[in-house]
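Student: Okay, structure incoming, though there's no sequence with it:
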C-alpha cells in the first residue's frame, strides 16, 4: 500500500557531514517542489567533524550528484589535495609506505602488472613498485596537478585525488547549498519520537520547545547516538572491536608548518596511531587509541607533544566502538 | 654484476622448472577441451605441463550447442579465429532467445543479447516504458531493443564500436556443434603442445593421509601422475563426486526437470539468429539452428512424462525429419557445494547441472576455466585459492539458478501439473527479493561481473507478465510528453537501421560457410 504513495515529507535528523550531504543530495535530485525536505539540528550538540580526509569517490558526489564547482568547494572548505596516505612506523618503527590512489603500472597481455614486477624483483631488479604509480611519485615531490585532457596521445596517466577539508566548513557549505534549493532547517533538540500505533513507523518528532515535526520518511544522521535507528528501533550493532580495538580519539588542530603535503599521514604510536591532515589554514591532528593501553590524559599529552606546529585549541576527546548497525533501516 | 644477475636468473629458472606443475585433465568433452585450450594458450610449458585423458569409448553429452556472448571473449582471448571456428563447427549467430508459450500459451518474447534504451536524466529506460504503458501505451518493450528487432526480422550483422550508433547496442553468441567445437579445440591445443592420452580410467589413487589425488590408473596399465587434476568427466564426476565424495546441493525442488531427449533434424527454412525455447505441457523444447542441421530437445520431468511419451512428443513437434535416433539424458538440478577440493577442480557437468534454458552450461565452464587461470596454483596447495574459487563459483551458480527458476515461477499455464507446481512453489529468498524489488519499484541490481545483466531480467519479468507497479520516484521529473517522444524516436531509429541488415542465412553464408 505504502509503495504507491509518494513520499511528501522527508525529515533528516542531525546536521553534521552526514546530515547536510544527505540534504544537499536530496534537494538536488528529488527537489523540494514535490517533496518537503526538513533538517533538524541543534547548535548545542555540536558535530564530531574530525573526518577531514576523503577518498577520490567524493568527486562523484560533489561533481556528478551536486554539480559543485571544484575550485569553489576547495576555497569554501579550506581544502587541500590528497594523493594518498603515508603509513609511517606501521610495520615497524622506521618503516614507511605509501598507499596511493590510482593505478600501479599497467596490465599487459592479460597479466596483471604485479606479476611482471614480482618476476623482475625476484630476478634481482631493485625498483620499488611505487615508482610505477604517478600519485606516489607526485606525493614524494610534494607536487600536484589535475589530469589534463589535451588532444593527442596521452603522456600521463589519469591522476586520482581526493581532498583534505574542514568538515564543519563542508557541512556549512552544503547547508547553504541545500537551503538555497529549498531545504528547511529547524533548530532544536529532539525530546521524544512518536510512532504509528499500527505499524510502529515513526510519525513525528517532538522537540524540547514543544514543537512537533511530522514526516513520512526519516533519515537518522544523529551520529553515534542513533536517536531513531538505535534509541527507537534498537537496530542492534555488530561490534568489531575485537578486530579493531581502538575506542578513543584525541583530536586537536595546530598551526600549519613546513611544506604543504598533498597526502594524509598516519603514524603508528605506542597504543594506536596518529593522523596528520594538512588544510590550507591549519593541520588537523588526532591520536586514535585503545583506552586499555593508555589513559585519555596521557594520550592527549602525547598528541600535544607530537605536533608540527603550535596547538590551536585544547584536545577534544571522542569515544566510539568500531562496528556497524545491523540494519540501516 | 650483470653476470651475477644472469646466473641468478638461470638459477631461478631452474628452480621454476622443478616447480613446474603437471595438470591432468580428465575427460575430453566441451569442458575438457576448453580447459585444455585455455591452459596451453595462456600457461607456457615453463608454468605447467598439461595432459588430457579421454576415452573414445565414452561419448560426450555435447548437446549444449547454444552459447552466450561471453563465449566470443573466451575464443578471442585464447587466439581463435572466429570465422574459421564457425565454418568448422557449422556455427550460426545468436542474438538472443525466443521464449514461446512461456508464462502463458500464445505468448512470445525475446531475451536479447543487448539493451533496451538508455536511461533518461538518470531514470532507467524500462521505467520510462513502464510509465508509458501505464499511460495507455500499447507498444511492447521489444520495439525498443535493437537486438530483438533484428531477431524478429531475421537479420544479422556485427555490432559497431561507436557507442553513438544504435547498432552498437547488442552483442552476439554462437550456435554450434559442440562435438565439432571440442574437436576444433583439440586440434588447437595439440598444436600447442598438449599431450592427449587415449584410455579409460579404472582406478583413482589417492594419498592415504591427505586424500589428495595422486594418480590415475588406465585400463592399459599406464599410470598418470599429476599435481592438479581437472575433473571434466561429465555427469559421472569421477574425481570430485565419486572419489572425493563432495557434498551435493540439491536444487531439484525448484528446477524439477530431470530428463532430456535430444534429436537432430534436417535444416529447415526457419533459420533465425536466435535459439527458440517452447514451453510444453510438461516441460520445454529447444530449437537451435546450425548450418548443417537443427538441434532439438525436450526437457521434462519423469514425474509428469514418461521417456517414451517425451520422445514421441519431440518427434511429433519437429519441423523437419529427424536425422538420428533420439538420445535420452538423465540429470538432476544442483551442484557440488565446492567444486575445488584438495588438488581437484571440477569443471562443467562434473561440478553441477543447470538445464540449458538460458544457455549457461558452456558459460559456467568458461567462468570456471577463467577463474582457475586467475587463481593458478602452485605446489603449496593453498586453501586461499580454492576458497576464493569456490566463492566465485557460488555467486555465479546462485544467480543463474535464480534466473532459471524465475522462468518457471512466473506462469499462468494450467495445461500441466508441472506448471501448477511451479507457480505455487516457494522460491529462494534471493529471487523473492529480486521479484519484489522489481514489482514495487522497478529496481534491478546490476553486477560488475557475472550473469545476468538488467536487460535479461527485464525481458523475462515483462515477458512473463511481472510488471512494475511502483516507479523510480525520479520519473516524476520527466514530463509524459518527453517520455513518449523518447520512445518514438528510439523505435524509428531502430527500425531504420535494422532494415539495412542482411538476412541471417545470407550473412552466415557470406562470413563463415560450413567447411564440414
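Tutor: It's in. What you are looking at is a predicted structure, and each value in this text was computed from that prediction instead of being measured.

Student: Please make it C-alpha for all contacts and neighbour counts, starting now.
Tutor: OK.

Student: For the helix ranked longest in chain B, the averaged confidence score.
Tutor: If you go by DSSP state H, chain B has its longest helix at helix B:383-409. The pLDDT scores in helix B:383-409 average 97.

Student: got the residues of the stretch 301-450 of chain B near chain A?
Tutor: Neighbours of chain A within the stretch 301-450 of chain B, by Cα under 8 Å from any Cα of the partner chain: B:440-441.

Student: So the residue of the stretch 301-450 of chain B with the smallest separation from chain A: helix, strand or coil?
Tutor: Chain A sits closest to residue B:440 of the stretch 301-450 of chain B, with a gap of 6.4 Å, by Cα to the nearest Cα. Assigned state for residue B:440: helix (three-state reduction, DSSP: H, G, I helix; E, B strand; the rest coil).

Student: The closest residue to it other than its chain neighbours: neighbouring residues, count only.
Tutor: Leaving aside its sequence neighbours, residue B:440 sits nearest to residue B:470 (Cα to Cα, 6 or more residues apart in numbering or on different chains; 4.7 Å). Neighbour count for residue B:470, taken as other Cα atoms under 10 Å in any protein chain shown: 21.

Student: same question, residue A:239
Tutor: A count of neighbours around residue A:239, defined by other Cα under 10 Å, yields 14.

Student: ditto for residue A:127
Tutor: By other Cα under 10 Å, 11 other residues sit near residue A:127.

Student: Provide a list of residues in contact with it.
Tutor: By Cα atoms under 8 Å, 6 or more residues apart in numbering or on different chains, the contact list for residue A:127 reads residue A:121.

Student: Next one: it from residue A:96, what distance?
Tutor: Using Cα to Cα, to the nearest Å, residue A:127 is found at 16 Å from residue A:96.

Student: One more: residue B:424?
Tutor: Where residue A:96 is concerned, residue B:424 sits at a distance of 61 Å (Cα to Cα).

Student: right, and the residue of the stretch 301-450 of chain B closest to chain A touches residue B:472 too?
Tutor: No - counting by Cα atoms under 8 Å, residue B:472 is not a contact partner of residue B:440; they are 9.4 Å apart.

Student: which one of those two has more residues nearby?
Tutor: Using other Cα under 10 Å, the more surrounded residue of residue B:440 and residue B:472 is residue B:440, with 18 against 15.

Student: roughly how far apart are that one and residue B:260?
Tutor: Using Cα to Cα, residue B:440 is found at 37 Å from residue B:260.

Student: swap in residue B:490?
Tutor: 41 Å.

Student: what do you get for residue B:439?
Tutor: 33 Å.

Student: do residue A:25 as well
Tutor: 54 Å.

Student: same question for stretch B:146-163, mean pLDDT?
Tutor: Per-region confidence: stretch B:146-163 scores 97 on mean pLDDT.

Student: Buried residues, that stretch. List them.
Tutor: Across stretch B:146-163, burial judged by 16 or more other Cα atoms under 10 Å in any protein chain shown covers B:146-157, B:159.

Student: Dump those residues into JSON lines; add distance to chain A as well.
Tutor: Output for those, formatted as JSON lines (distance: Cα to the nearest Cα, whole Å):
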{"residue": "B:146", "distance to chain A": "29"}
{"residue": "B:147", "distance to chain A": "30"}
{"residue": "B:148", "distance to chain A": "31"}
{"residue": "B:149", "distance to chain A": "33"}
{"residue": "B:150", "distance to chain A": "33"}
{"residue": "B:151", "distance to chain A": "34"}
{"residue": "B:152", "distance to chain A": "35"}
{"residue": "B:153", "distance to chain A": "38"}
{"residue": "B:154", "distance to chain A": "36"}
{"residue": "B:155", "distance to chain A": "34"}
{"residue": "B:156", "distance to chain A": "30"}
{"residue": "B:157", "distance to chain A": "28"}
{"residue": "B:159", "distance to chain A": "24"}
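
Student: In contact with residue A:76, which residues?
Tutor: Residues in contact with residue A:76 (Cα under 8 Å, 6+ apart) are A:169-170, A:173.

Student: In helices, which of the residues you listed appear?
Tutor: Judged by DSSP H, those include A:169-170, A:173 as members of helices.

Student: Which of those residues are buried? Put it as a PyMOL command.
Tutor: Selection of buried members from the ones in helices among the contacts of residue A:76 for PyMOL, criterion 16+ other Cα under 10 Å:
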select buried, chain A and resi 169+170+173
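
Student: For stretch B:96-112, which residues meet the burial criterion?
Tutor: B:96-105, B:108-112.

Student: Give me the subset of those residues that lies in strands.
Tutor: Using DSSP state E, B:96-100, B:108-112 are the members of these that sit in strands.

Student: which residue does the stretch 151-300 of chain A bring closest to chain B?
Tutor: Of all residues in the stretch 151-300 of chain A, residue A:217 sits closest to chain B, at 13.9 Å by Cα to the nearest Cα.

Student: Same list, the buried residues of stretch B:146-163, but as JSON lines with secondary structure please.
Tutor: JSON lines is the format used below for those (three-state DSSP):
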{"residue": "B:146", "secondary structure": "helix"}
{"residue": "B:147", "secondary structure": "helix"}
{"residue": "B:148", "secondary structure": "helix"}
{"residue": "B:149", "secondary structure": "helix"}
{"residue": "B:150", "secondary structure": "helix"}
{"residue": "B:151", "secondary structure": "helix"}
{"residue": "B:152", "secondary structure": "helix"}
{"residue": "B:153", "secondary structure": "coil"}
{"residue": "B:154", "secondary structure": "coil"}
{"residue": "B:155", "secondary structure": "strand"}
{"residue": "B:156", "secondary structure": "coil"}
{"residue": "B:157", "secondary structure": "coil"}
{"residue": "B:159", "secondary structure": "coil"}
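
Student: partner residues bridging residue B:51?
Tutor: Note on residue B:51: beta-bridge partners residue B:24, residue B:195, judged by DSSP bridges.

Student: measure it to chain A for me?
Tutor: Per Cα to the nearest Cα, to the nearest Å, residue B:51 is found 23 Å from chain A.

Student: I'd say that residue and residue B:192 touch.
Tutor: No - between residue B:51 and residue B:192 there is no contact under Cα under 8 Å: 12.0 Å.

Student: Neighbour count: the two, which is higher?
Tutor: Neighbour count, other Cα under 10 Å: between residue B:51 and residue B:192, residue B:51 has more, with 21 against 14.
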